[in-house]
Structures are given as C-alpha cells and as structure tokens.
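Enquirer: Got a sequence here, can you build the structure:
(2 chains)
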Amino acid sequence: AQTIHQWPVAEIKAVGSPLSLGCTIKGKSSPNLYWYWQATGGTLQQLFYSITVGQVESVVQLNLSASRPKDDQFILSTEKLLLSHSGFYLCAWSLDWGGDYAEQFFGPGTRLTVL
Amino acid sequence: GDSVTQTEGQVALSEEDFLTIHCNYSASGYPALFWYVQYPGEGPQFLFRASRDKEKGSSRGFEATYDKGTTSFHLRKASVQESDSAVYYCALGSNMGYKLTFGTGTSLLVDP
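Expert: The predicted model follows:
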C-alpha cells in the first residue's frame, strides 16, 4: 500500500524567514507529485507538479519554489516568507501513466502560520 | 481557462435526508471530473471520478453522473448520516491529468 508522509505537521514562522516543507511517497515507483496550497476556509490551489526526478513545473506564482531531489521526495521552499503564505500545504501523488482521469491522492498536510 | 462552479457554499440537513450538491464545469473537450471529501484538519480524500458523457461514478453511497450537455456532475446521496459532515469538492482534471482545478467547496452539516 502507498503511504504519503509530510513534514513538519505544523510550523510557525516569522515574516522574512526561510521555509522548507517536505513530502515522501512510499510504495509507489515514479509517481507524479503535486503541491497544493489551501487558505483557511478556502479551496485548493495547485502550485507545482513533477513528472520525474529533477523536473518541476510551476502552475501559479506565489513566491515559492519546488524541487524533486529523489523519485519519492518533493520539497517546497522559499527564502523569504510573506504573511500571505499562511495556510495548509498539501502534497499529492498520482499514477505516472497520465491521462486526464488519473486521480490524485493527498497527504495529511502541513499547517503553516506566518507571523 | 478551465473552471468549476459549486453553487452551494453550505448545506444543512438532517439524518436520512436526500443530498444534492451542484457542480458545473467549463472546459474544452472531455475533461475528467472528480469528487473529493475533506474532513477538518485532513487532506482531501478521493471519492470517485467519471471521464465520459453519461458515466456514473459512485462510492460510499454517493454518486454523480457526467453530463456533457448540461456541463454538470452533481453529487447525490439518498440518505445522509451525521458522519457525512465534511467539505465536498468537485474537481476537473486536464492537461494530461497533471492539472486539477477545484471548485470552491460545499460544507455539509448533518444534524443527528
């Protein structure tokens, strides 16, 4: 069975400080990986997706960056946090055979508070 | 661009009531359509999908039928339970499945 782990569970950070969030997928080889952001009480906004190691595509610009250093790992980061970065960050995976009908499976999320 | 519209922001029902949450989409071609459910403090859970006109998806007593004519994928359940209280999201898949566009979500509250 596939498992998806996100770390940390929660973070409280100061404006202007750096950030690094991580996601690991176990039990699935070469998955597609995704990062989403969800404002409190809001909908999910896709940020990045990655089809293979070392390749990341940006969907929306939010002064964030993403990297995929290993097949099973996806990292979200920024050098300077803004207040608007607060929210719930979710990692997701899908099968790598593509197609519009490939459902995505979400991790437990990381709650970020920027003060 | 692609978009998904959920008209109900909140729905309040009693147990055993019939549920309908409306979802309409705007996209070219035949995008895949999905329903997800999210409980407080958790990531969304995949409910089901449909990818062809008139195809019905279903799971856990919930169902929806892909209707290209009315560009809709309405979620229905015949008899809701208190445990169904959650936020429900309709979503549209495009760009070879790499892009998932979510609706604004519908918060369902079921009174026992």
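
Enquirer: Up against chain A, what does chain B have?
Expert: Residues of chain B found near chain A (C-beta under 8 Å from any C-beta of the partner chain) are B:30-32, B:34, B:36, B:41-46, B:49, B:51, B:89, B:93-105. No exception for glycine: its C-beta is placed from N, CA and C like everyone else's.

Enquirer: go again using 6 Å as the cut-off
Expert: With C-beta under 6 Å from any C-beta of the partner chain as the criterion, chain B meets chain A at residues B:31-32, B:43-44, B:46, B:49, B:51, B:93-94, B:96-98, B:100, B:102, B:104-105.

Enquirer: Of the residues you listed, which is the nearest to B:Asp17?
Expert: Distance to B:Asp17, by C-beta to C-beta, is smallest for B:Gly105 among the residues of chain B next to chain A, at 19.8 Å.

Enquirer: is it true that that closest one touches B:Cys90?
Expert: No - using C-beta atoms under 6 Å as the test, B:Gly105 is too far from B:Cys90 to be in contact (8.5 Å).

Enquirer: Give me the more crowded residue out of those two.
Expert: Taking neighbours as other C-beta atoms under 10 Å in any protein chain shown, B:Gly105 and B:Cys90 compare with B:Cys90 leading, 28 against 24.

Enquirer: Report the contact partners of the more buried one.
Expert: B:4, B:6, B:23, B:35, B:103 (C-beta atoms under 6 Å, 6 or more residues apart in numbering or on different chains).

Enquirer: To what extent is the nearest residue to the fourth one once chain neighbours are set aside buried, counted in neighbours?
Expert: Looking back up the chat, that one is B:Trp35. In this structure, B:Trp35 finds its nearest non-sequential neighbour in B:Leu47, 4.2 Å apart by C-beta to C-beta, 6 or more residues apart in numbering or on different chains. By other C-beta under 10 Å, 21 other residues sit near B:Leu47.

Enquirer: re the thing from before, drop anything exposed from the residues of chain B next to chain A.
Expert: Neighbour-count burial (16 or more other C-beta atoms under 10 Å in any protein chain shown) applied to the residues of chain B next to chain A gives B:31-32, B:43-44, B:46, B:49, B:51, B:93-94, B:97-98, B:100, B:102, B:104-105.
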